[in-house]
Structure formats: C-alpha cells, structure tokens
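*Asks:* heads up, no residue letters with this:
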C-alpha cells in the first residue's frame, strides 16, 4: 500500500482526516514515531507523499531530498515554504506544492484588526482598566486616530498583500503597495518603490515570503525611514524584520506600535527584546488559523495528495 507521511505536530487537527477521506483505501496516512530528523530521514525512502510541517522543526532540505527521490510530491499545508529546499527537491525530480491563497483573507483580516486596535490604543486601555484604572482622560494624550486617517504601506502583492490592500482601502485608508515588480493586474492601491513607501506608511504591513532578498529587509535604516509613530504589522515571516532594530524604535517611540504574528525564533524566547512594551500585540503565528482558512488548506492539501497518488495533475506547484 502507498504511504503518505504527515509531518504536522498535532495528533489530528482535521488534516489527517481530510487526507484519509480523499485517498480512501489507496494509501495509509502515517506519522513519525518521534519528531526527529533521524526518524524523518529513515521514513523518506519508503514514502509516496510527504505533507510538510508548520513549525519548521522538520525541515526538508538537500539531505532529505537525496533520501526521498522516490517521493511523488512534497505538499506544504499552507503558503510558507521557507523550511523546504524546493530547488533541491525539484533537482531530485520531486515537485513541491503549497496552498496559495487559502488563508489570505484570514491573515489580512488579522492585519487590519490588529492595526486598528493599535491605532486606538485598545490593548493599552484594556490593560489599564484590568489593573483598576480608568484612563478616559489619559488616553487622549496618546496618538489615537481613526484607521481611516492612516496611510497604509503593504510590502508584497501576493494573495495576502492584495487582500490587505482591499480591506484597508475599504476602511478609507490611502493604500500603497510595493513588490519586486509591478503587478500586471489591478491592485486596490498605488504602486511605489520601497523607499517611496516607507516615509508614507503610518501603518506598514509586511506580507512577503522569506527569501534571501527579504531576510532582514526591515533593518535599522528602513525603520528610520518610517514616519514617527508608525505602526508595524508583520504577517510575513519573523526574519523579514530586524528584531533589535524594531525594539529600539519601539523604545524610542519612533515606532508607535507593532502587531507581530511571526518571529525569527518561534516560540518567542522569554529574553526577546520585543517583549515588555505596552504598544505591541504579540501573537503565536495564528493569523492564518481561522476555521475557514484551515478548511481551505485541508481541502487543497488533500486534493493534491490524492492527485499525486493517482498520477493526476498536481496543482499549485512552486
């Protein structure tokens, strides 16, 4: 019987069930006996399909590609593939696919709602009231403005960046976007260069994949280009932002707030310089985890797994 190796950490979050339903009795869906690189490498030569992990604990790199040359498909259940060496797998003759756009609305909603909450100091006000104070007057000294009064800069025009642009525009924001190249089709925003976008961005939204060119993209120089009091929203990958540079800007109040769903090291270390601010929202990489997004991811993943096992067309390959 054919074998599908599922690398996600939880015993069954619905993904395993979706795959089993899609493949019927054509394959067994298995998990590692222990979540180690050694156990993964031992299983790869006998697998037909590998469904990737969300955590990055089990990267699929060059060595894994050498051992998995008989694999029919590497399927990532999500958009991010930074823990998969797609080039190495393709060189081994194995296609790599993800689920583009499946969680775009979920992530974009999180970005807009988090930005709005920071614009209005909602988390600060909540903490004040929880601690027994009533900051009705003191909140007026904070920079509380309607989201509609903010200029929003979105870095990245993939499915998430596009949806962010649409939702911020619906709130009445002036939206600017940037990417390596101008999109051919219409985006609900004005396209500018990154250097043009940063000084305009009262709210900076990061929605790019992690690549060598985007690693450390928002460094101390680029943070300094933001308007005083800007809000940074990161729904991309943690390594896109220089944590130390952002922490310094938060401490000096050059950056007025940050909503971060992703971090360079996850879980976020207790010693992280990003902890301890009253102007941040720190989230455990769950912006794309709504019920609707998960259902789409499970469906797309299961569809591709079944197609690979049946020698049918595989969709959404990188």
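*Replies:* Great, that's in hand. Everything quoted here is computed from the prediction, not taken from an experiment.
*Asks:* what comes into contact with the helix or strand encompassing residue 297?
*Replies:* Residue 297 is located in helix 291-309, with elements delineated by DSSP states H and E. Identification of contacts with helix 291-309 by Cβ atoms under 8 Å, 6 or more residues apart in numbering yields 2, 4, 13-15, 18-19, 21-23, 26-27, 48-49, 51, 72-73, 75, 77-78, 97, 99, 102-103, 105-107, 312-316. Heads up, the C-betas are built off the backbone N, CA and C, glycines and all.
*Asks:* only the buried subset of the residues you listed, as a PyMOL command please.
*Replies:* Typed into PyMOL, the line below selects the buried ones among the contacts of helix 291-309, using 16 or more other Cβ atoms under 10 Å:
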select buried, resi 4+15+18+19+22+23+27+48+49+51+72+73+75+77+78+97+99+102+103+105+106+107+314+316
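*Asks:* contact partners for residue 246?
*Replies:* 218, 223, 232, 255, 258, 274.
*Asks:* wait, the last one sits on residue 241?
*Replies:* No. Counting by Cβ atoms under 8 Å, residue 274 sits too far from residue 241 to count as a contact (9.4 Å).
*Asks:* how far does stretch 197-208 stretch from start to finish?
*Replies:* One end of stretch 197-208 sits 15 Å from the other (Cα to Cα, to the nearest Å).
*Asks:* quick one: mean pLDDT for that stretch?
*Replies:* What stretch 197-208 shows for mean pLDDT is 98.
*Asks:* same thing with stretch 308-317?
*Replies:* pLDDT averaged over stretch 308-317 gives 98.
*Asks:* distance check, the residue of the chain most remote from its centre against residue 219.
*Replies:* Distance from the C-alpha centroid of the chain, by Cα atoms, centre = their mean, peaks at residue 137 (37.2 Å). Between residue 137 and residue 219 the distance, using Cβ to Cβ, to the nearest Å, works out to 38 Å.
*Asks:* mind listing the helices for this protein?
*Replies:* 15-23, 37-43, 62-67, 86-91, 104-119, 122-130, 159-170, 194-197, 220-225, 243-252, 291-309 (DSSP state H).
*Asks:* okay, residue 274 and residue 241: which has more neighbours?
*Replies:* It is residue 241, of residue 274 and residue 241, that has more neighbours when counted by other Cβ atoms under 10 Å, with 28 against 20.
*Asks:* so that one makes contact with residue 226?
*Replies:* No. Under the criterion of Cβ under 8 Å, residue 241 makes no contact with residue 226, lying 11.9 Å away.
*Asks:* now do the shared contacts for the two.
*Replies:* Common neighbours of residue 241 and residue 226 (Cβ under 8 Å, 6+ apart) are residue 232.
*Asks:* tell me the pLDDT at residue 138?
*Replies:* Looking at residue 138, the pLDDT reads 89.
*Asks:* now do the buried residues in stretch 233-253.
*Replies:* 233-243, 245-250.
*Asks:* oops, could you answer that again for stretch 43-57 instead?
*Replies:* Those would be 43, 44, 47, 48, 49, 50, 51, 52, 53, 54, for stretch 43-57 by 16+ other Cβ under 10 Å.
*Asks:* ends of that stretch, how far apart?
*Replies:* First residue to last in stretch 43-57 (Cα to Cα) measures 16 Å.
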